[in-house]
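Visitor: quick one: sequence and predicted model below, then my questions.
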Amino acid sequence: QVQLVESGGGLVQVGGSLRLSCAASGGTFSKYCMGWFRQAPGKEREFVAAISWSGGRTLYADSVKGRFTISRDNAKNTVYLKMNSLKPEDTAVYYCAADQNYVGEYENEYDYWGQGTQVTVSS
C-alpha cells in the first residue's frame, strides 16, 4: 500500500512559479509510474502530467506543455511538478497518483492517490 502526500501549493501571482512535491511511502517508489492531476472548482479532475518509473518517459496535457515539468527523484521517493508562467486557469487542487504499470492520462488507471494541495493563481 502506497501513501502519497503532496506539498508546495500556495498563492502565486500570474506569471509566477511553484514547485509541487509528492512524497511516497509504503512501497518501492522506483517501481511506480506517477501522475499529476488537478481539479478546479466546479470542474472534473483532469490530467496534468505523468512520468514513468525510470523517468525516461513523460507526458503532458496540452494546456501545460512548455510551462510545467514533471520529474522524480527515486532516492528521495518523491515526484515533482515544476510550474512556470502560471495562469489563473491553473488554479486548482493538485493531486499526485501512482500505479505500477500505467503512465498516462486516465485517472481510473491509477491505484493510489494523495489528498491534494491547493494552488491559487491571482491576477
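Guide: Noted; the coordinates are in hand.

Visitor: which residues touch the residue nearest the centre of the chain?
Guide: By C-alpha atoms, centre = their mean, the mean C-alpha position of the chain lies nearest to Trp36, the distance being 2.5 Å. Shown in contact with Trp36 (C-beta atoms under 8 Å, 6 or more residues apart in numbering): Leu20, Cys22, Val48, Ala49, Ala50, Ile70, Val79, Leu81, Tyr94, Tyr95, Cys96, Ala97. For every residue, glycine as well, the C-beta is placed using N, CA and C.

Visitor: narrow these to those in strands?
Guide: Among the contacts of Trp36, the residues falling in strands (DSSP state E) are Leu20, Cys22, Val48, Ala49, Ala50, Ile70, Val79, Leu81, Tyr94, Tyr95, Cys96, Ala97.

Visitor: residue contacts, the third one?
Guide: The reference is to Val48. Val48 neighbours (C-beta under 8 Å, 6+ apart): Gly35, Trp36, Phe37, Arg38, Tyr60, Ala61, Val64, Phe68, Leu81, Tyr94.

Visitor: secondary structure element for the nearest residue to it once chain neighbours are set aside?
Guide: Sequence neighbours aside, Trp36 is the residue nearest to Val48 in space, at 4.3 Å (criterion: C-beta to C-beta, 6 or more residues apart in numbering). Using DSSP states H and E, Trp36 maps to strand 33-39.

Visitor: thank you, goodbye.
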